[in-house]
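[1] coords please:
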Amino acid sequence: MPVKIRLQRHGKKGKPFYWIVAADARSKRDGKFLEKLGIYNPNTNPATIDLNVDGAVKWLTNGAQPSDTAKRLLSYKGALLKHHLLGGLRKGALTEEQVAEKFNAWVAEKDAAVAAKVSGLTQEQEVEKAKALAAEKAVNEKRVSDAQALEAEAAAAEAAEIAATEVAATEEVVAEEAVATEEVVATEEAPAEEAAGEETKEA
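    Numbering: from 1, shown residues only. Predicted coordinates for the structure are as follows:
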């Protein structure tokens, strides 16, 4: 029975994730499988890959053929390297201690690279958050300054209106006083003219 290590699709439309399975090559893509070896979720950054390395190596040793994508995932997690090292162990080129040492060194290096990538992504996210926060602060400050400017304009317009009203009231009072003064002067001049007329008559 030909066995393939391949991906089996799960998840919803637009956001798939995959099981890494060992299945009969003649079965459907999402049909029956012999063993589930891990999961692959490309929706996260970096992608989440959880693989049973020993199980994958067992199937590879028994002749299972990985698909192209599954082969890349197995290589990423070190299953192909371990299969290669165990081949050297079977041929007598390596000892078990050498196999374990080489594989553990490779895993440590890979983990360090992944951690560095995650750290870089975290720093980028922090920088983007800082930029977004600065932009939001700038928008808020502009909004506050615009509101203050509008309030200042409204206060200036109100003050100008009050000043104009006061000036108009003052002019009206002055005009009324002027009219009253003219009336008083006219009233005082009338008896004097009458007295002068009488003196003229007597003369």
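[2] now the lengthiest helix in the chain: mean pLDDT?
    For the chain, the longest helix by residue count, based on DSSP state H, is helix 96-202. For helix 96-202, mean pLDDT rounds to 78.
[3] distance from it to the middle of the chain?
    Offset of helix 96-202 from its chain centre (CA atoms, centre = their mean, to the nearest Å): 31 Å.
[4] that one - contacts with which helices or strands?
    Packing partners of helix 96-202 (3 or more CB pairs under 8 Å, 6 or more residues apart in numbering; DSSP states H and E): helix 79-91. Heads up, the C-betas are built off the backbone N, CA and C, glycines and all.
[5] just the CA atoms of the helix it packs on, as PDB, please.
    Extracted in PDB, the C-alpha atoms of helix 79-91 (Å, rounded to 0.1, in the frame of the first residue of the first chain):
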ATOM      1  CA  ALA A  79      12.300  15.400  10.400                       C
ATOM      2  CA  LEU A  80      14.200  14.900   7.100                       C
ATOM      3  CA  LEU A  81      17.500  15.700   8.900                       C
ATOM      4  CA  LYS A  82      16.800  13.100  11.600                       C
ATOM      5  CA  HIS A  83      15.800  10.600   8.900                       C
ATOM      6  CA  HIS A  84      19.100  11.300   7.100                       C
ATOM      7  CA  LEU A  85      21.100  11.000  10.400                       C
ATOM      8  CA  LEU A  86      19.400   7.700  11.300                       C
ATOM      9  CA  GLY A  87      20.300   6.400   7.800                       C
ATOM     10  CA  GLY A  88      23.900   7.100   8.700                       C
ATOM     11  CA  LEU A  89      23.400   5.300  12.000                       C
ATOM     12  CA  ARG A  90      22.100   2.200  10.200                       C
ATOM     13  CA  LYS A  91      25.100   2.200   7.900                       C
END
